[in-house]
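In: Here is the input, now give the coordinates:
(chains A and B)
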Amino acid sequence: MNTTGIRALQPSRLLPSIRRTTEKGGYRCFSCSIRQSLQQSSPRKVPPQKDEAGRTTHFGFETIDESLKESKVKGVFSSVASSYDRMNDLMSLGIHRLWKDHFVRELDPGSPSVSGSLHSGSEEKGWNILDIAGGTGDIAFRMLDHATTINSDHKTRVTVADINPDMLAEGKRRALETPYARSERLSFMEANAEKLPTIPSNSVDLYTVAFGIRNFTDKQQALHEAFRVLKPGGVFACLEFSNVNNPVFNYVYKRWSFGAIPLIGQIVAGDRDSYQYLVESIEKFPSQPEFRDMIKTAGFMVPGQGWEDLSGGIAAIHKGVKPKTSSS
Amino acid sequence: MFISRSLRAKATQLRSSPLQIRNRRRSYYTVDHPDPTPFSETESAILSSALSRVPTHGFSQKALKLGARDAGYLDVSTNLFPRGTFDLVNYHLVTRRMALKEEVQFPELDTQSGNKLGVGARVRILALARLRANKDIIGKWQDAIAIMAQPSYVSASLSELARLSDEIWYLAGDKAVDASWYTKRATLSAIYSAAELHQTQDQSPNFIETERFLDSRLEDLRKVSSLAGGFGGWVGYTAQSAVNVLRSKGVKI
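Out: Purely as a prediction, here's the structure:
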């Protein structure tokens, strides 16, 4: 009786680990529920078929059809929305809060009321900030706090956009604990960063995306869209996990992220696969110079070398400024 | 076989991308192809208008933001300058250094002695011209010195100072290729920064006090170097006589 029980368990338990070692990179264990739902809608997508869409992207280490990535990412973040902070704490060894504080402080949002400006009209309106993939409002609340308390600017407003309604719901819930919940300075919208039809061109002062852009299906398209909505002189700023520079530290960090994080995800949140996706998506994200060049391709000017490493490159801040006379 | 193939591949790669080579930073200096200004058009536009705000607002984030607005940009555009106010200070340093070449014309003869202008006199004229270029912002220059003294900016500030004294010696026509190449630049850097510090307290018209200060420091330098030369002569003479005395006693040297 015992033996049958063990035998029944064996295929489902052991097979994934065996297959992971044999076909490295080809297979990744994704949440069974999501895989089942995908299998119902379409048969196996690996290798990708040349259908009308035809274009592929990566989802962690897996190569999938572009059309599928959005829903798969949605699945991951819906399942981690409530434990989002805990997840970030694990992935960044607890210092993502410091990175976010630094990110906002460097951007210095809000216009202090300065006299002697030639364009006094613009200073009264404050900044129009668009926080993409900012569902839980982490960056948005920090921006508003900084503008209000540091620059005494009560006009700057933030629009939080996220593709995932579960993350937005989490953000709205958290907003109730801040003074901005019922003010006009904070608004939420559900949107795909590759297409922002509701946002007019040349309307945004500051476009931020913190720990979001690596989940986008077409990053270059998102950058072009950012370029479109920004005012001339407006700034694109991105905070994202990146490549560690020191090889020794990189080895330790990779051991930590691939060895420990999925396990902790399994224990803490009972969801190994979402956490596995998160570490794989970090690994697949372009290196600092590559991403800097993508920002340049979209038409931005980059300040200095184009990025700033945080904690030895675990994360990096990329910035781009839209030129006044855009060529495109 | 393998090596030669990879070399050939490299050679064709080099040949096929002449544009890339032209754009690369040269590791040597040539007068025929002077380095272009390190600031892009947008950066120059914002920084130069920010610099004109410095006399009232100091080397501050506020001056930068106002400069951005004056140039038709937004407050947020100051993110173009990752080092913030230091980039503003650096812009002043670099543009003033590069302007020296255009602005300074040497007179044929020395106004005081009537002799032909020597290298030392030219160094004096160039250093004075550079100090006078601080005229507009000298009231706020102490802020800038404080910014430059911040640990993260010290090395950038010192290398800019080294570039300035190198430029001055080069423009003065100094051709030394011995150890004095280093000592000249080091001493001029020390003298120039002391004079600049003195200048921040100088209330006299047209910086007469600073000019005097600079002259006396350069005079000190001449004295010290002639003293060092004299000391060297004395050591040489004494050693020579000691050897001669020993020889006269029959020691075979």
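
In: Kindly state the pLDDT recorded for the residue of the stretch 151-253 of chain B found nearest chain A?
Out: Residue of the stretch 151-253 of chain B nearest chain A, by CB to the nearest CB: B:Ala156 (11.8 Å). (Glycine included, C-beta is placed from N, CA and C.) Per-residue confidence (pLDDT) for B:Ala156: 94.

In: do the same with A:Gly270
Out: 78.

In: quick one: the strands in chain A?
Out: For chain A, the strands defined by DSSP state E occupy A:56-59, A:62-65, A:128-132, A:157-162, A:186-190, A:204-210, A:230-241, A:307-310, A:315-321.

In: And these: which comes nearest B:Val251?
Out: Nearest to B:Val251, of all those, is strand A:307-310, at 67.9 Å by CB to CB.

In: do that closest one and chain B meet at all?
Out: Yes. Strand A:307-310 reaches chain B (CB under 8 Å from any CB of the partner chain) through A:Glu308.

In: Give me the pLDDT value at B:Gln240.
Out: 91.

In: now A:Thr57
Out: The model's pLDDT for A:Thr57 equals 80.

In: hey, what's it bridged with?
Out: Under DSSP bridges, the beta-bridge partners of A:Thr57 are A:Ile64.

In: how deep is it tucked in, by neighbour count?
Out: A:Thr57 is flanked by 19 other residues according to other CB atoms under 10 Å in any protein chain shown.

In: Make TSV from the strands of chain A and add distance to A:Asn88 to it.
Out: Output for the strands of chain A, formatted as TSV (distance: least, CB to CB, whole Å):
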stretch	distance to A:Asn88
strand A:56-59	20
strand A:62-65	23
strand A:128-132	16
strand A:157-162	15
strand A:186-190	20
strand A:204-210	10
strand A:230-241	10
strand A:307-310	13
strand A:315-321	11
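
In: hang on, the earlier thing: chain neighbours aside, what residue packs nearest to the residue of the stretch 151-253 of chain B closest to chain A?
Out: B:Asn90 (7.0 Å; CB to CB, 6 or more residues apart in numbering or on different chains).

In: give me the residue from chain A nearest chain B.
Out: For chain A, CB to the nearest CB, closest residue to chain B: A:Gly233, 3.7 Å.

In: show me what contacts that residue?
Out: With contacts defined as CB atoms under 8 Å, 6 or more residues apart in numbering or on different chains, the neighbours of A:Gly233 are A:Val321, A:Lys322, A:Lys324, B:Ala68, B:Gly72, B:Tyr73, B:Leu74, B:Val76, B:Ser77.

In: got a list of what the second one touches?
Out: By CB under 8 Å, 6+ apart, the residues touching A:Lys322 are A:Phe227, A:Leu230, A:Lys231, A:Pro232, A:Gly233, A:Gly234, A:Val235, A:Phe236, A:Gly299, A:Phe300, A:Met301.

In: Burial check on the first one, number of neighbours?
Out: Burial of A:Phe227 is recorded as 22 neighbouring residues (other CB under 10 Å).

In: again with the second one
Out: Residue crowding around A:Leu230 was assessed by other CB under 10 Å; the count is 28.

In: my guess is it meets A:Asn202, correct?
Out: Yes. A:Leu230 is within contact range of A:Asn202, at 7.2 Å (criterion: CB atoms under 8 Å).

In: and the residue in the stretch 51-200 of chain B that chain A sits nearest to, what pLDDT?
Out: Residue nearest to chain A within the stretch 51-200 of chain B (CB to the nearest CB): B:Tyr73, separated by 3.7 Å. B:Tyr73 carries a pLDDT value of 91.

In: give me every residue that touches the nearest residue to the residue of chain A closest to chain B once chain neighbours are set aside.
Out: Once flanking residues are discounted, A:Gly233 sits nearest to B:Tyr73: 3.7 Å by CB to CB, 6+ apart. B:Tyr73 is in contact with A:Pro232, A:Gly233, A:Lys324, B:Thr42, B:Ala45, B:Ile46, counting by CB under 8 Å, 6+ apart.

In: quick one, helices of the stretch 151-300 of chain A?
Out: Secondary structure of the stretch 151-300 of chain A (DSSP state H, counting those that start in this stretch): helices located at A:165-175, A:219-229, A:247-255, A:261-268, A:272-284, A:288-297.

In: which residues touch the fourth one?
Out: Think helix A:261-268. A:83, A:86-87, A:90-91, A:271-276, A:278-279.

In: Which positions within that helix qualify as buried?
Out: By neighbour count on 16 or more other CB atoms under 10 Å in any protein chain shown, the buried set for helix A:261-268 is A:Ile261, A:Pro262, A:Ile264, A:Gly265.

In: can you check the fifth one too?
Out: Buried residues in helix A:272-284, defined by neighbour count with 16+ other CB under 10 Å: A:Arg272, A:Asp273, A:Ser274, A:Tyr275, A:Gln276, A:Tyr277, A:Leu278, A:Val279, A:Glu280, A:Ser281, A:Ile282, A:Glu283.

In: beta partners for the residue nearest to A:Arg185 when sequence neighbours are not counted?
Out: Computed as CB to CB, 6+ apart, the closest residue to A:Arg185 that is not its neighbour in sequence is A:Arg157, at 4.2 Å. Beta-bridge pairing of A:Arg157 under DSSP bridges involves A:Asn128.

In: Can you get me a residue count around A:Arg157?
Out: Residues contacting A:Arg157 under the criterion other CB under 10 Å number 21.

In: So it sits against A:Tyr180, correct?
Out: No. The criterion here is CB under 8 Å, and A:Arg157 misses it with A:Tyr180 at 9.0 Å.

In: In JSON lines: the helices of the stretch 151-300 of chain A, plus distance to B:Pro38.
Out: Shown next, in JSON lines, are these (distance: least, CB to CB, whole Å):
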{"stretch": "helix A:165-175", "distance to B:Pro38": "42"}
{"stretch": "helix A:219-229", "distance to B:Pro38": "25"}
{"stretch": "helix A:247-255", "distance to B:Pro38": "32"}
{"stretch": "helix A:261-268", "distance to B:Pro38": "42"}
{"stretch": "helix A:272-284", "distance to B:Pro38": "34"}
{"stretch": "helix A:288-297", "distance to B:Pro38": "18"}
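
In: Check the ones you listed for me: which has the lowest mean pLDDT.
Out: Looking at the helices of the stretch 151-300 of chain A, the bottom one is helix A:261-268 with a mean of 83.

In: low-confidence ranges in the stretch 1-150 of chain B?
Out: Within the stretch 1-150 of chain B, the stretches with pLDDT under 70 are B:1-26, B:35, B:110-114.

In: That one: helices as residue ranges?
Out: Using DSSP H, counting those that start in this stretch, helices in the stretch 1-150 of chain B cover B:2-16, B:18-23, B:41-57, B:61-70, B:85-103, B:119-132, B:141-148.

In: Just name the most buried of those.
Out: Of all the helices of the stretch 1-150 of chain B, helix B:61-70 has the most neighbours on average by mean count of other CB atoms under 10 Å in any protein chain shown, namely a mean of 23.

In: tilt between that helix and helix B:41-57?
Out: 130 degrees (axes from the mean of the first three to the mean of the last three CA atoms, to 10 degrees).

In: List phi and psi for the residue lying closest to A:Asp162 once chain neighbours are set aside.
Out: Distances taken as CB to CB, 6+ apart put A:Gly135 closest to A:Asp162, at 3.6 Å, once the chain neighbours are dropped. Backbone torsions for A:Gly135, taken as degrees, to the nearest 10, come to phi -40, psi -50.

In: can you pull the contacts of A:Gly135?
Out: A:Phe77, A:Ala81, A:Val160, A:Asp162, A:Asn164, A:Asp166, A:Met167, A:Leu168, A:Glu170, A:Gly171.

In: In CSV, list the residues you listed along with distance to A:Ile64 and neighbour count.
Out: Shown next, in CSV, are those (distance: CB to CB, whole Å; neighbours: other CB atoms under 10 Å in any protein chain shown):
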residue, distance to A:Ile64, neighbour count
A:Phe77, 16, 24
A:Ala81, 22, 21
A:Val160, 28, 29
A:Asp162, 21, 27
A:Asn164, 18, 20
A:Asp166, 21, 17
A:Met167, 21, 26
A:Leu168, 25, 22
A:Glu170, 26, 22
A:Gly171, 27, 23
